[in-house]
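Chemist: dropping the sequence and predicted coords here.
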Amino acid sequence: MRLFGLHAVEAALRNPARRVLRVLLTENAERRLVEALGTIELPIERVTPRDLDKLLGADTVHQGAALDVEPLPEPDWHDLAEAAGGRPLIVLDQVTDPHNVGAILRSSAVFGASGLVMTRRHSPPLNGVLAKSASGALELVPVALVANLARALDELKSAGFTVVGLDSEGEQSIETLDWSRPTALVMGSEGKGLRELTRKTCDSLAHITTDDTLASLNVSNAAAIALHTALLARKK
C-alpha cells in the first residue's frame, strides 16, 4: 500500500516493523526528512510535486513524500490485552470514516491507549488516507481486527477487562469510572452509535459530561476526551 505525508512517512521509516518497498521524495521533503531522521539508507526516487499529484491524485496533501510499503504484521487482540499495563484498550464498533479512525489513533498515541480493536468488516482499510490522518500514530498504536465484536468483548470480559460503552445516554460519567481496572472502551459508528448487541454486551454505558444539550460529539473528539480523562485518573 502507499503512505504519504511527512509525518506518516517519517514514522514509517522509523518503524523497524514496517517493510518499505519504495521511497518517493521531492528535494524539499528529502531535506526535511534527513533533518529529522539522519541518513536515509533506502534508495530514494527523486520526484516533483506534480509527479506525486499524478500518482496520488491532485487533492492529496502529500507534502512531497510517499512510500510504497507492506502492511504491518497484524497483532492478535489477545496480545494487546496482555500488554495493556493499566492503559485502556479502544474498541470501535463499525466506525467507517478513515479520518476519524486516524484521529483516534493519534489520540491513542498521545494519551496512552494500549491498542485499537476494530471489526474486520465495516472498518476502513489501514491505508494512506488513514495513516495521514493518524499523523504517524499508525506506526505506534497496534491495531487488531476481529470478525465478531460481541464475541471479542465477551472474551475481554473473561480476561478481566471491564467493557464500557461510550454512549450519551449512559448512566455513569467517564469521570466516575474506575480507570485503574483493565478497561475496554467501546465507541460506536458515526451517527448510529453503538449497535444494540454491542450495547447489551458491555458491562456498563458511560457518557461524557457536557455543558449543553448539543448533539453528541464526533467519535474522534469523544475518544480524545475519554482517553485524556483516563490518563489523568491513572496519574493520580
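Modeler: In hand now; what should we look at? Residues are numbered from 1 along each chain as shown.
Chemist: can you find the helix or strand in the chain with the smallest mean pLDDT?
Modeler: In the chain, the helix or strand scored least confidently by mean pLDDT, DSSP states H and E is helix 77-82, which has a mean of 86.
Chemist: run through the neighbouring helices and strands of that one.
Modeler: Applying 3 or more Cβ pairs under 8 Å, 6 or more residues apart in numbering; DSSP states H and E, we find helix 77-82 packed against strand 115-119, strand 143-146, helix 149-158. For glycine as for every other residue, the C-beta is placed from the backbone atoms N, C-alpha and C.
Chemist: got phi/psi on S135?
Modeler: The phi and psi values for S135, taken as degrees, to the nearest 10, are phi 50, psi 40.
Chemist: please renumber the chain so that the first residue is 7 from this point on.
Modeler: Shifting the count to begin at 7 puts that one at S141.
Chemist: quick one: the helices in the chain?
Modeler: For the chain, the helices defined by DSSP state H occupy 12-20, 33-43, 55-62, 83-88, 104-117, 134-140, 155-164, 202-207, 225-241.
Chemist: so which bits of the fourth one are buried?
Modeler: Neighbour counts over helix 83-88 (16 or more other Cβ atoms under 10 Å) mark W83, L86, A87 as buried.
Chemist: hang on, the earlier thing: including distance to G171, could the helices of the chain go into JSON lines?
Modeler: Compiled in JSON lines, the helices of the chain are given as follows (distance: least, Cβ to Cβ, whole Å):
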{"stretch": "helix 12-20", "distance to G171": "31"}
{"stretch": "helix 33-43", "distance to G171": "39"}
{"stretch": "helix 55-62", "distance to G171": "37"}
{"stretch": "helix 83-88", "distance to G171": "17"}
{"stretch": "helix 104-117", "distance to G171": "15"}
{"stretch": "helix 134-140", "distance to G171": "23"}
{"stretch": "helix 155-164", "distance to G171": "9"}
{"stretch": "helix 202-207", "distance to G171": "6"}
{"stretch": "helix 225-241", "distance to G171": "11"}
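Chemist: what's the least confident stretch among those helices?
Modeler: Lowest mean pLDDT within those: helix 83-88, a mean of 86.
Chemist: neighbouring contacts of it?
Modeler: 95, 120-121, 123, 148, 150, 152, 158, 161-162, 165, 167, 188 (Cβ atoms under 8 Å, 6 or more residues apart in numbering).
Chemist: got those residues as CSV, with neighbour count columns?
Modeler: Formatted as CSV, the contacts of helix 83-88 follow (neighbours: other Cβ atoms under 10 Å):
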residue, neighbour count
L95, 24
S120, 21
G121, 22
V123, 25
P148, 22
A150, 20
V152, 18
A158, 22
E161, 15
L162, 25
A165, 14
F167, 21
P188, 19
